[in-house]
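A.B. asks: Let's see this in three dimensions:
(chains A and B)
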Protein chains: 2
Amino acid sequence: MKTRIGILGYGNLGRGIESAIRQSEDLELVAVFTRRDPKTVKIHTEQVPVVALSEALDWKDKIDVMVLCGGSATDLPTQTPEYARHFTVINSFDTHAKIPAHFEEVDRAAKESGHLAIISLGWDPGLFSLNRMMSTAILPQGKNYTFWGKGVSQGHSDAVRRIAGVLDARQYTIPVDSAMTRIRGGEQPAFTAREMHKREVFVVAVEGADRAVIEAEIKNMPNYFADYDTEVHFITADEMREKHAELPHGGFVIRSGVTGFDGGHRELIEYSVKLDSNPEFTGAVLAAYARAAHRLAAEGQQGCKTIFDIAPAYLSPLSAEDLRAQLL
Amino acid sequence: MKTRIGILGYGNLGRGIESAIRQSEDLELVAVFTRRDPKTVKIHTEQVPVVALSEALDWKDKIDVMVLCGGSATDLPTQTPEYARHFTVINSFDTHAKIPAHFEEVDRAAKESGHLAIISLGWDPGLFSLNRMMSTAILPQGKNYTFWGKGVSQGHSDAVRRIAGVLDARQYTIPVDSAMTRIRGGEQPAFTAREMHKREVFVVAVEGADRAVIEAEIKNMPNYFADYDTEVHFITADEMREKHAELPHGGFVIRSGVTGFDGGHRELIEYSVKLDSNPEFTGAVLAAYARAAHRLAAEGQQGCKTIFDIAPAYLSPLSAEDLRAQLL
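C.D. replies: Okay, the predicted model is just below:
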């Protein structure tokens, strides 16, 4: 069966899902929903309509899974329970601390209306969470380490852009190699934030702005930069456009544990992604889970789920027989 | 609820599961079953009985999950359907080509008797299969690469031991670094066996044996060595005991894929394990899936499953709430 997908919100992630849908014959983009004037939104897929969000409910019977692509700060907390009342929905809600509350709200809305929702999909939260969870279950005596980067952090880039005198900014999060080397060698250190990641910022400043003031303001910014070693580089708008237009990212989840009657054997599990395009990869994860959501909903599953609750076979277009023969 | 586990077959893997059970308070070893004279089998866990295999059925009501620890060549193909008629069973059946047929036999036995079975658990097949499958579903345009090592291959060690003049042997499978480097750089090469792995063999020879003949016989052995670059070292029995007593292993699953409307972005997913003890780690995986099997059986699930069919949350002793709060 084909999975008919609606995309709600057409930014980087929406485009990432659109491109992922094209790679799978059993996934079909049906419509893109936007708060903007639909006439002003041009998408990549010909003959697929862009529809005003206010008309979304007219599409209830034409869409199997609605992928919510808004931001975690304000869009997803309200949109997800709202649309879970009418559609099978999935999202990439990524404010880790607020996941339990978000889950409860979405679960209530989905159960009351008999729908299925899957929240917090992507790579972190998402695939990284899955690996932290499985590795912890397999090696209960051990420690988890998560490194992010090298890659663009949109939150940190935005924080720098809010500084007076800054026209544009791009922040790269970079894992500290020596920390990873120690863990891979079997140590289980307790690291500070500074020991695990460093930050590199590229800034286009207003002409005549005091660069020393901007640099100090970045480096001392609480939460975002103060606890890290940060390098700041001032560049031209041209250089920003040429060298920093992409959104690469990546990261590592490492579990270091011990086994044996005396705990004498060290065992390491490592999972990593290295991404040219963070939004396209996140879109690829969401596309696979859209397939899973459709199947689970067709089986009558209701309420809110997370990546922990989904049997992996639901992600693949292959039959159970083919999976066993080809990939087990 | 506690999961009461029986271990059937007490070799390296059986001991690995026994030690893994000790790391989880909700897992309990109830009995070890053996074909040997039980009086001759000494296990690590005091007050747990060693029982003759012929009495296993007397334990039907005292065991939640029977972990079958025999070999894939002759033990598991017959034991798994046999015991699936009386117990929830799990195994680590690892003859990839025979998995579909094994699945069918176990599935029939389990369904006819209303039991649950999970086959082919461990790290390959097992966690590596899971990663191949999920990464393929997420990045449908791409290529999978699996590297094993550095680690001891028991099958290759056994093959060398069968050569005339060989007293003992240990074979290490070693991934070729340059091959991994190319894949991590985004290439998708078609490798020969020789380009991905090399082999290193340590041999204790009978005194006076012709070493050149033994070395040639190893290097030209079809399937096992002929397609690889192999180094052979002759060592003393003392050196074998001192330096090659452990069973380390490891490996890498890498998916190299592309995303985007023009396929222009490269995305890499890599999963690896680095193990001081292959049987203890495999035992740790089986222990976590024993927990899952118990829960699924308690829910009324029947028939044969694989790692693809098990929602990850079943592996963890934590509640769904705690998993979301702590690990998502």
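A.B. asks: A strand includes A:Tyr271, no?
C.D. replies: Yes - under DSSP: H, G, I helix; E, B strand; the rest coil, A:Tyr271 sits within a strand.
A.B. asks: ok, it touching B:Arg255?
C.D. replies: No - using CB atoms under 8 Å, A:Tyr271 makes no contact with B:Arg255, being 11.7 Å away. Quick note: C-beta positions are derived from backbone N, CA and C, even for glycine.
A.B. asks: what is in contact with these two at once?
C.D. replies: B:Asn131, B:Ile269, B:Glu270 (CB atoms under 8 Å, 6 or more residues apart in numbering or on different chains).
A.B. asks: just these now: which is nearest B:Ile17?
C.D. replies: B:Asn131 (22.4 Å; CB to CB).
A.B. asks: give the contact list for that closest one.
C.D. replies: Taking CB under 8 Å, 6+ apart, one finds A:Tyr271, B:Val253, B:Arg255, B:Ile269, B:Tyr271 in contact with B:Asn131.
A.B. asks: so which two of those are the farthest from each other?
C.D. replies: So, the contacts of B:Asn131 by CB to CB: farthest apart are A:Tyr271 and B:Arg255, at 11.7 Å.
A.B. asks: what is the mean pLDDT for the strand or helix carrying A:Asn131?
C.D. replies: Element membership for A:Asn131 (DSSP states H and E) is helix A:127-138. The pLDDT scores in helix A:127-138 average 98.
A.B. asks: Which strand residues bridge the nearest residue to A:Phe128 once chain neighbours are set aside?
C.D. replies: Take A:Phe128 and drop its neighbours on the chain: the residue closest to it by CB to CB, 6 or more residues apart in numbering or on different chains is A:Val253, 4.9 Å away. In this entry, A:Val253 is beta-bridged to A:Thr146, A:Tyr271, by DSSP bridges.
A.B. asks: Is there proximity between stretch A:73-85 and chain B?
C.D. replies: No - looking at stretch A:73-85 against chain B by CB under 8 Å from any CB of the partner chain, there are no contacts, and the closest approach is 14.7 Å.
A.B. asks: quick one: pLDDT of A:Gln154?
C.D. replies: Looking at A:Gln154, the pLDDT reads 89.
A.B. asks: Next one: A:Asp37 relative to B:Val89, how far apart?
C.D. replies: Separation of A:Asp37 from B:Val89 (CB to CB, to the nearest Å): 61 Å.
A.B. asks: So for the two, which residue has more residues nearby?
C.D. replies: Taking neighbours as other CB atoms under 10 Å in any protein chain shown, A:Asp37 and B:Val89 compare with B:Val89 leading, 31 against 9.
A.B. asks: pretty sure the more buried one is touching B:Ile63, no?
C.D. replies: No - B:Val89 is beyond contact range of B:Ile63, at 10.0 Å (criterion: CB under 8 Å).
A.B. asks: How much space separates the residue nearest to A:Phe128 from A:His197?
C.D. replies: Distance from A:Val253 to A:His197, by CB to CB: 14 Å.
A.B. asks: what's the answer for A:Lys2, then?
C.D. replies: Counting by CB to CB, the gap from A:Lys2 to A:His197 is 42 Å.
A.B. asks: more crowded one of these two?
C.D. replies: Taking neighbours as other CB under 10 Å, A:Lys2 and A:His197 compare with A:His197 leading, 20 against 13.
A.B. asks: how about A:Lys305, what does it touch?
C.D. replies: A:Leu116, A:Ala117, A:Ile118, A:Ile119, A:Leu296.
A.B. asks: A:Ala52 contacts A:Val32, doesn't it?
C.D. replies: No - contact between A:Ala52 and A:Val32 fails when scored by CB under 8 Å: they sit 10.7 Å apart.
A.B. asks: which one of those two has more residues nearby?
C.D. replies: Shown here are A:Ala52 and A:Val32; by other CB under 10 Å, A:Val32 has more neighbours (25 against 13).
A.B. asks: so that one bridges to which residues?
C.D. replies: Here A:Val32, judged by DSSP bridges, has bridge partners A:Ile7, A:Val50.
A.B. asks: what does the average pLDDT come to for the host helix or strand of A:Val258?
C.D. replies: In this structure, A:Val258 is located in strand A:249-259 according to DSSP H and E. Mean per-residue pLDDT for strand A:249-259: 98.
A.B. asks: buried residues in that strand?
C.D. replies: Of all the residues in strand A:249-259, those buried under the rule 16 or more other CB atoms under 10 Å in any protein chain shown are A:His249, A:Gly250, A:Gly251, A:Phe252, A:Val253, A:Ile254, A:Arg255, A:Ser256, A:Gly257, A:Val258, A:Thr259.
A.B. asks: Please name the nearest non-neighbouring residue to the first one.
C.D. replies: Sequence neighbours aside, A:Gly151 is the residue nearest to A:His249 in space, at 2.9 Å (criterion: CB to CB, 6+ apart).
A.B. asks: which residues does the one you found contact?
C.D. replies: A:Tyr172, A:Thr173, A:Leu247, A:Pro248, A:His249, A:Gly250, A:Gly251, A:Leu275, A:Asn278.
A.B. asks: Show me which of those is closest to A:Glu239.
C.D. replies: Of those, the one sitting nearest to A:Glu239 (CB to CB) turns out to be A:Tyr172, at 14.4 Å.
A.B. asks: quick check: angle from the helix or strand of chain A with the lowest mean pLDDT to strand A:249-259?
C.D. replies: Lowest by mean pLDDT, DSSP states H and E among the helices and strands of chain A is helix A:154-161, with a mean of 94. When axes from the mean of the first three to the mean of the last three CA atoms, to 10 degrees is applied, the directions of helix A:154-161 and strand A:249-259 differ by 130 degrees.
A.B. asks: if we look at helix A:154-161, which residues are touching it?
C.D. replies: A:166, A:168-171, A:173, A:199, A:201, A:203, A:218, A:221, A:224-225, A:247.
A.B. asks: Neighbours of A:Ile21, how many?
C.D. replies: Neighbours around A:Ile21, by other CB under 10 Å: 24.
A.B. asks: One more: A:Gly155?
C.D. replies: A:Gly155, neighbours per other CB under 10 Å, totals 12.
A.B. asks: tell me which element A:Ala101 is part of?
C.D. replies: Going by DSSP H and E, A:Ala101 is part of helix A:99-113.
A.B. asks: and A:Gln47, helix, strand or coil?
C.D. replies: coil.
A.B. asks: Distance of it relative to chain B?
C.D. replies: Going from A:Gln47 to chain B by CB to the nearest CB, to the nearest Å gives 16 Å.
A.B. asks: the strands in chain A, which residues?
C.D. replies: A:3-8, A:27-34, A:50-52, A:65-68, A:89-91, A:116-118, A:142-148, A:151-152, A:166-175, A:197-205, A:229-234, A:249-259, A:265-275, A:303-305 (DSSP state E).
A.B. asks: helices or strands next to the second one in the packing?
C.D. replies: By that I understand strand A:27-34. Applying 3 or more CB pairs under 8 Å, 6 or more residues apart in numbering or on different chains; DSSP states H and E, one finds that strand A:27-34 contacts strand A:3-8, helix A:12-21, strand A:50-52, helix A:278-298.
A.B. asks: Redo the ones you listed as a markdown table? Include mean pLDDT.
C.D. replies: Formatted as a markdown table, the helices and strands packed on strand A:27-34 follow (pLDDT from 0 to 100):
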| stretch | mean pLDDT |
| --- | --- |
| strand A:3-8 | 98 |
| helix A:12-21 | 98 |
| strand A:50-52 | 98 |
| helix A:278-298 | 98 |
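A.B. asks: for A:Ser129, what are its contacts?
C.D. replies: Contacts of A:Ser129 (CB under 8 Å, 6+ apart): A:Ser120, A:Thr306, A:Ile307, A:Phe308, B:Leu327, B:Leu328.
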